[in-house]
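Asker: pasting the structure only:
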């Protein structure tokens, strides 16, 4: 169990303690960041059981590789990278190899990238936000694994094209193409939702 001293220690201090073998310090790091790590796994896999397995595996890897953590980024960012890589490896292993014919069309658009439509905040729309989340989740479900992955990495993780290309093993052109189609699909689905509300 994490003691009171751990709850008042920042992440960097907890990492130092955990590196010295203090398991309680690592347990505090897990308690602080497990929801985010699970959420990221779920956004990529779209499967609760797989997300749970992969997020738990990420924590095991994090503990095993703690001495490799350099501290250039925050601990949560480092753990997020671990879980993203595990999810991508998992998706690659289970992926049926198929070509996405839509990608070729992206080059005909001269790089035009529609942004997701802004959804105005409505003070009376608590339920609307829940519905919007449901619509976004449903829209993500309809994207191919390739398109969903680049959208999640770019929009949720704020990763640059070159970093996404490196992480996914694709060219920058492929990343841009997939992101273009993912955004276009999401924008269309969100636009339909706005018309209905």
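Answerer: Yep, it's here. This is a predicted model, so every value here is computed, not measured. Numbering: from 1, shown residues only.
Asker: and residue 152, how far from residue 29?
Answerer: 23 Å (Cβ to Cβ, to the nearest Å). C-beta coordinates here come from the backbone N, C-alpha and C atoms, glycine included.
Asker: more neighbours: these two, which one.
Answerer: Legend: neighbour count by other Cβ atoms under 10 Å for residue 152 and residue 29, higher for residue 29 (24 against 20).
Asker: ok, now which ones touch that one?
Answerer: Contact analysis of residue 29 by Cβ atoms under 8 Å, 6 or more residues apart in numbering lists 11, 14, 15, 18, 75.
Asker: now it: which helix or strand?
Answerer: helix 23-45 (DSSP states H and E).
Asker: and that helix, what's buried?
Answerer: 25-30, 32-33, 37-38, 40-45 (16 or more other Cβ atoms under 10 Å).
Asker: on that earlier part again, looking at the contacts of residue 29, which has the most residues close by?
Answerer: residue 18 (24 neighbours).
Asker: so that residue makes contact with residue 66?
Answerer: Yes - contact criterion Cβ atoms under 8 Å: residue 18 and residue 66 qualify, at 5.8 Å.
Asker: which residues are common contacts for the two?
Answerer: residue 26.
Asker: ok, longest helix in the chain?
Answerer: helix 172-196 (DSSP state H).
Asker: mind listing what's buried along stretch 63-77?
Answerer: Buried-residue list, stretch 63-77, by 16+ other Cβ under 10 Å: 66, 69, 75.
Asker: out of those residues, which are inside strands?
Answerer: Among those, none falls in strands (DSSP state E).
Asker: what's the first helix or strand after the lowest-mean-pLDDT helix or strand in the chain?
Answerer: Least confident element among the helices and strands of the chain, by mean pLDDT, DSSP states H and E: helix 103-106 (a mean of 44). As assigned by DSSP H and E, the chain's next helix or strand after helix 103-106 is helix 126-142.
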